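In: requesting a structural model of the entry that follows:
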Amino acid sequence: MDSTVRVAKILMMIIIGFFIMFGIVFGTMKLWNWLVPELFNGPILNLWQALGLLVLSKIFLWSFGGKCHCNHGNHGRGPWKYYWKEKWGSMTSEDREKFKQKMKDKWCYKEESAPTDNSATSND
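Out: Below you'll find the predicted structure:
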């Protein structure tokens, strides 16, 4: 590939990235200025403050794409998956049925029986 074509593609990607970032920051600023001052009597943000707000939310709420050292290498299933797989495998079929029934009793919706006495609603 020609070096001028490569440079042109890189330059175009930088320009597109800049416009996408500007659009996100501008959209955040407009959304904030539309909602927050009216609803919460908050301040009106300028473009730089909106960029700072996005960077701050990135720091607090997201990861930076680095190597996560939190034992989620199994696609978000968590470390409990292997614990329950082992526990379930060691149960007898009777224990499994007891466990299932216990979970149904604890978490499933139970209909309450409706009162059958209609004497209170009689229109005699």
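In: so where is the protein shaky, pLDDT-wise?
Out: 1, 63-77, 109-124 (pLDDT under 70).
In: same thing but at 80, please
Out: 1, 63-80, 108-124 (pLDDT under 80).
In: show me where it has helices.
Out: Along the chain, the stretches classed as helices by DSSP state H are 3-40, 47-61, 80-90, 93-107.
In: switch the ones you listed over to a markdown table; also include mean neighbour count.
Out: In this view, the C-beta of every residue, glycine as well, is placed from N, C-alpha and C. Formatted as a markdown table, these follow (neighbours: other CB atoms under 10 Å):
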| stretch | mean neighbour count |
| --- | --- |
| helix 3-40 | 11 |
| helix 47-61 | 12 |
| helix 80-90 | 10 |
| helix 93-107 | 10 |
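In: state the distance from residue 88 to residue 11.
Out: 57 Å (CB to CB, to the nearest Å).
In: quick one: contacts for the closest residue to residue 50 other than its chain neighbours?
Out: Spatial nearest neighbour of residue 50, chain neighbours left out: residue 29 (3.7 Å); criterion: CB to CB, 6 or more residues apart in numbering. Neighbouring residues of residue 29 by CB atoms under 8 Å, 6 or more residues apart in numbering: 45-47, 49-50.
In: if anything else comes up later, I'll come back, but that's it for now.
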